[in-house]
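Undergrad: The following block contains a protein sequence and its predicted model.
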Number of protein chains: 2
Amino acid sequence: MIKIPEKSDLLEAHKRIKNFIHNTPVLSSKLINEIIGANIFFKCENFQKMGAFKIRGATNAIMQLSESQKKKGVVTHSSGNFAQALALAAQSLGVKSFIVMPTTATQVKKDAVIGYGGTIIECEPTLEARENTAKEIEQEEGATFIHPSNNMNVILGQGTACIELLDEQSDLDYIFTPVGGGGLIGGTALSAHYFSDNCKVVGGEPFAADDAYRSLQSGVIESNTSTNTIADGLKTQLGDQNFPIIQKYVEKIIRVEEEEIVNAMRLIWERLKIVAEPSSAVALAALCKEKEVYKNKKIGIIISGGNVDLSKLPFTN
Amino acid sequence: MIKIPEKSDLLEAHKRIKNFIHNTPVLSSKLINEIIGANIFFKCENFQKMGAFKIRGATNAIMQLSESQKKKGVVTHSSGNFAQALALAAQSLGVKSFIVMPTTATQVKKDAVIGYGGTIIECEPTLEARENTAKEIEQEEGATFIHPSNNMNVILGQGTACIELLDEQSDLDYIFTPVGGGGLIGGTALSAHYFSDNCKVVGGEPFAADDAYRSLQSGVIESNTSTNTIADGLKTQLGDQNFPIIQKYVEKIIRVEEEEIVNAMRLIWERLKIVAEPSSAVALAALCKEKEVYKNKKIGIIISGGNVDLSKLPFTN
């Protein structure tokens, strides 16, 4: 059994990372409110450093290491935002970072990691190869492995976006987040529990990668049977650190179709005038899907990031 | 000769429209600053009501009408942002609006005008047909014609974005704006003149619609010989109200190629994570083009709007 963190753990995490992150803006759209029939506040982590909330957890996790650990650096495996997040957080804190990336990762993503001073180690594009390569780096370099989502200090860091959102809008009825590896929704659920009166947390998840939905149904961590979704940040799986938190503090998870994700993404781009990732749109898609349930409620949505390939957008006539 | 407005005219315009517009945020990007070698502050009018700065001028112009004029409504011709701006401003102020639009205007644009309560009158897609149709409405309805850019109250309204930008960043060396009909750059030049120490205003204009550049060269208002540019908001021409202001207070106009506009637009979308129109990107494209001249300067850029057709984006690999 894991120990569920306390309120003070979240407060300390926020205080710790505050000077290394942006307190991102909260935006609203009258027209989106009219369409959904609710009062929605978007916490825009697409404006966060490196373009996603993940810098919060990465920074908190590195800052909790001992001085001797910091000297030997950190290692993770990721082809997505956490790769950049760990590299940038490490750079800001004067720590070496080793990023295990699959050979299939795009050059843009590799360049971003290199730009933030990370050392890339390539491996075959399988989970097994990633994990083994990361283990080798741990052994060879003495670097500390930091998991992108299944690490309590990462979870606490991700929860700080919700603290800021509730600082600005204290009387939210619900907060929606996308669900990938469980770090964001886990941290958000903890913060909503400790920093609001009765704000409930709801997750949005693609049907095509619905491990979290099925895990909540069965009571054990289930695997994704497919990951064929445009929401590429949500292909990852829950872990033993965040699942108990999600079980205890998340009200429900709503699954959405690919088309619903694209429609929500278009609404965000057209009406909020911001560039948000498909993964970010999954939370709004979930709310759209069950909008009758949330009529006239005051709802926070965490826009998780804005790192997209503009040459490969899903918008068509 | 027109009478150049005074500082108090701008202050009063701002006070007048303040409650009907957003004071839009000013964003920065460390990476864009590094690429350009300057310190850049983007005034994000894409977050403005109806998605563009044009609501400022429209609101100011309607508010300056007499009560009897207001009763009979307002009329303009536009297929772009000013159509929506006048309709929304009129609706907010309880005034009827007649919007002359070419038969070629897209349904999305017509729907937006209708959504803001405007009455659309269709006409052939020529400037002559537009002007004649608007004149008919003036005569039939007694409505007051409000030109999208060649109207001093519109110019003063557009100048309020610069007042807000200088409120936030008082020591700018330069402000860049796109140049279309001359309303935005004219108002900006007036505000920079009255509200800064020595901040100079520079315009960006597509080579494909370079009437303003050539007008400044020749000293008389020149016509566009072509308007084949992605920056669809900049196809319009200077007028006798704004040209004298531009002659007196604008330092220079830099012309840019279509490819430079798309590159600047991509930089804005990828790094600022905002949805900005091609027309908006022309100002940054101009700065990119002559970045050596503006090295280490503190520069404001007005992002004029964010109304784009997501199905027709120019980004390719």
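TA: On my side now, so go ahead.
Undergrad: so the closest residue to chain B within the stretch 1-150 of chain A, which of the three states?
TA: When scored by Cβ to the nearest Cβ, the stretch 1-150 of chain A has A:N46 as its residue closest to chain B, at 4.6 Å. Every residue, glycine included, has its C-beta placed from N, CA and C. Three-state call for A:N46 (DSSP: H, G, I helix; E, B strand; the rest coil): helix.
Undergrad: what about it, neighbour count?
TA: 26 (other Cβ atoms under 10 Å in any protein chain shown).
Undergrad: mind checking the end-to-end distance for stretch A:99-107?
TA: 14 Å (Cα to Cα, to the nearest Å).
Undergrad: Please see if that stretch touches chain B.
TA: No: with Cβ under 8 Å from any Cβ of the partner chain as the criterion, chain B is not reached by stretch A:99-107; the gap is at least 10.8 Å.
Undergrad: I'd like to know how far the nearest residue to the residue of the stretch 1-150 of chain A closest to chain B once chain neighbours are set aside sits from A:A281.
TA: Nearest non-adjacent residue to A:N46, counting by Cβ to Cβ, 6 or more residues apart in numbering or on different chains: A:G306, 2.8 Å away. Counting by Cβ to Cβ, to the nearest Å, the separation of A:G306 from A:A281 is 11 Å.
Undergrad: more crowded one of those two?
TA: Neighbour count, other Cβ under 10 Å: between A:G306 and A:A281, A:A281 has more, with 30 against 26.
Undergrad: contacting residues for the more buried one?
TA: A:A231, A:I261, A:V262, A:A264, A:M265, A:L267, A:I268 (Cβ atoms under 8 Å, 6 or more residues apart in numbering or on different chains).
Undergrad: do A:N151 as well
TA: If you count contacts by Cβ under 8 Å, 6+ apart, A:N151 has them with A:G57, A:A61, A:G183, A:Q241.
Undergrad: Return only those of the residues you listed found close to chain B.
TA: With Cβ under 8 Å from any Cβ as the criterion, the contacts of A:N151 include none near chain B.
Undergrad: follow-up on the earlier one: please verify my assumption that the residue nearest to A:N46 contacts A:V275.
TA: Yes: using Cβ atoms under 8 Å, A:G306 is in contact with A:V275, at 4.6 Å.
Undergrad: Overlap of the contact sets of the two?
TA: A:N46, B:K273.
Undergrad: Roughly how far does A:N151 sit from chain B?
TA: Using Cβ to the nearest Cβ, to the nearest Å, we find A:N151 at a distance of 26 Å from chain B.
Undergrad: State whether A:V100 is indeed within a strand.
TA: Yes: per three-state DSSP, A:V100 lies within a strand segment.
Undergrad: roughly how far apart are the nearest residue to it once chain neighbours are set aside and A:T104?
TA: Nearest non-adjacent residue to A:V100, counting by Cβ to Cβ, 6+ apart: A:H77, 3.8 Å away. Per Cβ to Cβ, A:H77 is found 13 Å from A:T104.
Undergrad: any idea where the helices of the stretch 201-317 of chain A begin and end?
TA: For the stretch 201-317 of chain A, applying DSSP state H, counting those that start in this stretch gives helices covering A:211-218, A:243-249, A:258-267, A:278-289.
Undergrad: Tell me the residues of the stretch 1-150 of chain A that contact chain B?
TA: The stretch 1-150 of chain A comes close to chain B at residues A:P25, A:L27, A:N46, A:F47, A:G51, as judged by Cβ under 8 Å from any Cβ.
Undergrad: Mind listing the residues bridging to the spatially closest residue to the first one that is not a sequence neighbour?
TA: With sequence-adjacent residues excluded and distances taken as Cβ to Cβ, 6+ apart, A:P25 is closest to A:C44, at 5.4 Å. Using DSSP bridges, the beta-bridge partners of A:C44 come out as A:I303.
Undergrad: Surely A:C44 and A:I301 touch.
TA: No: in this structure A:C44 lies outside contact range of A:I301 using Cβ under 8 Å: 9.7 Å.
Undergrad: neighbour count winner among those two?
TA: The residue with more neighbours, out of A:C44 and A:I301, is A:I301; 30 against 25, by other Cβ under 10 Å.
Undergrad: Going by neighbour count, which residues in stretch A:202-210 are buried?
TA: Neighbour-count burial for stretch A:202-210 flags A:V202, A:G203, A:G204, A:E205, A:P206, A:A208, A:A209, A:D210 (criterion: 16 or more other Cβ atoms under 10 Å in any protein chain shown).
Undergrad: okay, now A:G37: neighbour count?
TA: For A:G37, using other Cβ under 10 Å, the count is 13.
Undergrad: Next one: the residue nearest the centre of chain A from A:F82, what distance?
TA: With distances taken as Cα atoms, centre = their mean, A:L184 lies nearest the centre of chain A, 4.3 Å away. Using Cβ to Cβ, A:L184 is found at 11 Å from A:F82.
Undergrad: now do A:L11
TA: 24 Å.
Undergrad: Of the two, which one has the most company?
TA: Shown here are A:L11 and A:F82; by other Cβ under 10 Å, A:F82 has more neighbours (29 against 16).
Undergrad: just for the stretch 201-317 of chain A, where's the confidence low?
TA: Scanning the stretch 201-317 of chain A with the threshold set as pLDDT under 70 gives A:317.
Undergrad: Doesn't A:E140 belong to a helix?
TA: Yes: assigned with three-state DSSP, A:E140 falls within a helix.
Undergrad: So A:F176, which state does it fall into?
TA: strand.
Undergrad: let me fix that: A:G117
TA: A:G117 ends up coil, using three-state DSSP.
Undergrad: hey, where'd the strands end up in the stretch 101-250 of chain A?
TA: Here the stretch 101-250 of chain A has its strands, by DSSP state E, counting those that start in this stretch, at A:119-123, A:144-145, A:174-178, A:200-206, A:250-256.
Undergrad: Mind listing the strands the shortest one pairs with, and their directions?
TA: This means strand A:144-145. When DSSP bridges is applied, strand A:144-145 pairs with strand A:74-77 (parallel).
Undergrad: and the partner strand, how far out from the chain's middle?
TA: Strand A:74-77 sits 17 Å away from the centroid of its parent chain (Cα atoms, centre = their mean, to the nearest Å).
Undergrad: quick one: A:E277 and A:V308 touch, right?
TA: Yes: here A:E277 reaches A:V308: they are 5.5 Å apart, a contact under Cβ under 8 Å.
Undergrad: The two: which has the busier surroundings?
TA: Per other Cβ under 10 Å, whichever of A:E277 and A:V308 has more neighbours is A:E277, with 28 against 23.
Undergrad: With chain B as the reference, measure out to that one.
TA: From A:E277 over to chain B the distance is 10 Å, taken as Cβ to the nearest Cβ.
Undergrad: hang on, the earlier thing: what sits against the residue nearest to A:N46?
TA: A:N46, A:F47, A:G51, A:A52, A:I274, A:V275, A:A276, A:E277, A:S280, B:K273.
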